[in-house]
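> generate a structure from the sequence data that follows.
(one chain, ligands or ions: 1)
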Amino acid sequence: MPENKRDLSYLTSLPGATERLNIFNADLCNPDSFNAVVEGCIGVFHVATPVDFQDKEPEEVVTKRSIDGALGIPKACLNAKTMKRVVYTSSAAAVMFGSNKDVEEVVESFWSDIDYIRPIKRYGPYMISKTLTEKPVLEFSEKYGLDVVTVIPSFVVGPFICPKLPGSIHGTLTLVFGNLDELSFLDQPLIKK
Ligand SMILES: NC(=O)c1ccc[n+]([C@@H]2O[C@H](COP(=O)([O-])OP(=O)(O)OC[C@H]3O[C@@H](n4cnc5c(N)ncnc54)[C@H](OP(=O)(O)O)[C@@H]3O)[C@@H](O)[C@H]2O)c1
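A predicted model of the protein is given here:
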């Protein structure tokens, strides 16, 4: 990517990167851009997603980009014919809002209710996009027999190597510093009344 001016030294300086790391330019808005990335691979971790906690874009735009990319990547994996497993990173947001009863265990049949999430300020569009993206990914996997597993993290915290402060670390620090406006989604009861 000669035209890319981003500082990627935190990746290129990783041990073994000179021999084993290849960096490609790919965009969820252009799902075909992942074809070259997955060629010859046996495993894919799909973690990229539009993360916009400032609500700069409407829910529909964020969701479309998330779904287009999340379906484009398994399609590219299928075409590659070498893929053994695809790991898609979903989110606790896709399951935690909307059950109408208190339960001790959340299982695969649980999904957040997007109408219940919609009034939530800030994180709402992100949480809707995560809920509406995981379902078609799983349907694609079932229809075409691609081995896809989904991971449902809550907050991921800890040391990081990228130059910018990750959103999840920022979110966790707001708990420490008491700036709870930023986490207003915590005001939404998990159980629908
Ligand atoms: N962190 C958590 O606590 C947490 C909790 C639950 C679920 N998750 C899920 O875990 C995954 C990773 O989260 P994260 O915290 O690492 O988020 P992050 O730091 O914001 O990383 C998101 C990545 O997606 C890439 N991306 C965004 N839009 C893109 C596009 N149009 N095309 C290609 N790439 C694009 C970003 O690339 P750029 O760097 O180029 O912008 C960035 O590398 C996400 O699927 C997220 O929903 C995270």
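> in what helix or strand does the closest residue to the ligand within the chain lie?
Closest to the ligand within the chain is residue 168: 3.1 Å, counting by CB to the nearest ligand atom. Quick note: C-beta positions are derived from backbone N, CA and C, even for glycine. Residue 168 belongs to helix 167-177 when assigned by DSSP states H and E.
> tell me which parts of the chain are close to the ligand?
Neighbours of the ligand within the chain, by CB under 6 Å from any ligand atom: 26-29, 47-51, 65, 89, 91-92, 130, 153, 155-156, 166-168.
> mind running it again at 5 Å?
27-28, 47-51, 89, 91, 153, 155-156, 166, 168 (CB under 5 Å from any ligand atom).
> biggest separation within those, which pair?
Distances among those were taken as CB to CB; the most separated pair is 27 and 155, at 26.6 Å.
> between these two, which one's more packed in?
residue 27 (14 against 11; other CB atoms under 10 Å).
> is it possible to mark the buried ones in the residues of the chain next to the ligand?
Buried members of the residues of the chain next to the ligand, scored by 16 or more other CB atoms under 10 Å, are 28, 49, 50, 89, 91, 168.
> among those, which are in strands?
Those of those mapping onto strands are residue 89, per DSSP state E.
> CA atoms only: put the helix holding residue 168 into CSV for me.
Taking Å, rounded to 0.1, in the frame of the first residue of the first chain, the C-alpha atoms of helix 167-177 are listed here in CSV:
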residue,chain,number,x,y,z
GLY,A,167,-12.9,2.4,22.6
SER,A,168,-13.4,-0.4,25.1
ILE,A,169,-10.5,0.9,27.3
HIS,A,170,-12.0,4.4,27.0
GLY,A,171,-15.4,3.0,28.0
THR,A,172,-13.9,1.1,31.0
LEU,A,173,-12.0,4.2,32.2
THR,A,174,-15.3,6.2,32.2
LEU,A,175,-16.5,3.8,34.9
VAL,A,176,-13.3,4.5,36.9
PHE,A,177,-13.6,8.3,36.4
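> quick one: the helices in the protein?
Here the chain has its helices, by DSSP state H, at 9-12, 17-20, 35-38, 59-80, 114-117, 124-144, 167-177.
> taking helix 124-144 as reference, get the angle to the last one.
If you take axes from the mean of the first three to the mean of the last three CA atoms, to 10 degrees, helix 167-177 sits at 140 degrees to helix 124-144.
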